[in-house]
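J.: Give me a model of this one.
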Amino acid sequence: MNPTDLRYSQEHEWVRTEGDDLVVIGITEFASDELGDIVFLELPEPGTALIQFEQMGEIESVKAVSEIFSPVSGTVVERNESAMESPEMVNDSPYGDGWLLKARLSDPSELDILMTAEQYHRFVESQDH
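T.: So this is what the prediction gives:
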């Protein structure tokens, strides 16, 4: 089951709030499993502007190259350099050490557009059929 303290996008990214306007962004376990072994991450530099649901990077697995979309608008504060050096961290711990970015929100109300864990679970189940 997906962590209940996160919000989820239809593109299979998650957001965890840390304080008033700081968030951590990653991809879901479902996305990690679908991609297979992740071999390369391309993530934006700190200071880069993010726009909700627009591309923010790429993730490459043994199967394919996929775009990563930002679940929120804001500014990149930090990217996970450890995961960029060892992309398998995303497979091993998508909700923990395999996070992708930390960002400062420009519009916290955008979180309300995203799905709860229960809504995301139903969404994923509906995609399997």
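
J.: Now do the strands in this structure.
T.: 7-8, 13-17, 22-27, 38-42, 49-50, 55-61, 65-69, 74-79, 101-105 (DSSP state E).

J.: and the fourth one with strand 74-79, angle?
T.: Meaning strand 38-42. Inter-element angle recorded for strand 38-42 and strand 74-79: 130 degrees (by axes from the mean of the first three to the mean of the last three Cα atoms, to 10 degrees).

J.: so where's this protein shaky on pLDDT?
T.: Scanning the chain for pLDDT under 70 picks out the ranges 1, 128-129.

J.: Any idea which of the strands of the chain gets closest to residue 118?
T.: Residue 118 sits nearest to strand 7-8 of all the strands of the chain, at 9.9 Å, using Cβ to Cβ. Heads up, the C-betas are built off the backbone N, CA and C, glycines and all.

J.: counting contacts, what elements does the closest one pack onto?
T.: Secondary-structure packing of strand 7-8 (3 or more Cβ pairs under 8 Å, 6 or more residues apart in numbering; DSSP states H and E): strand 13-17, helix 117-127.

J.: Of these, flag the one that's most buried.
T.: Per-stretch averages of neighbours, counted by mean count of other Cβ atoms under 10 Å, single out strand 13-17 among those, with a mean of 21.

J.: Of all the helices and strands packed on strand 7-8, which one is nearest residue 73?
T.: Smallest distance to residue 73 across these (Cβ to Cβ): 11.4 Å, for strand 13-17.

J.: Run a quick neighbour tally on the nearest residue to residue 79 once chain neighbours are set aside.
T.: Leaving out its chain neighbours, the residue that sits closest to residue 79 by Cβ to Cβ, 6 or more residues apart in numbering is residue 43, at 4.4 Å. Neighbours of residue 43 under the rule other Cβ atoms under 10 Å: 21.
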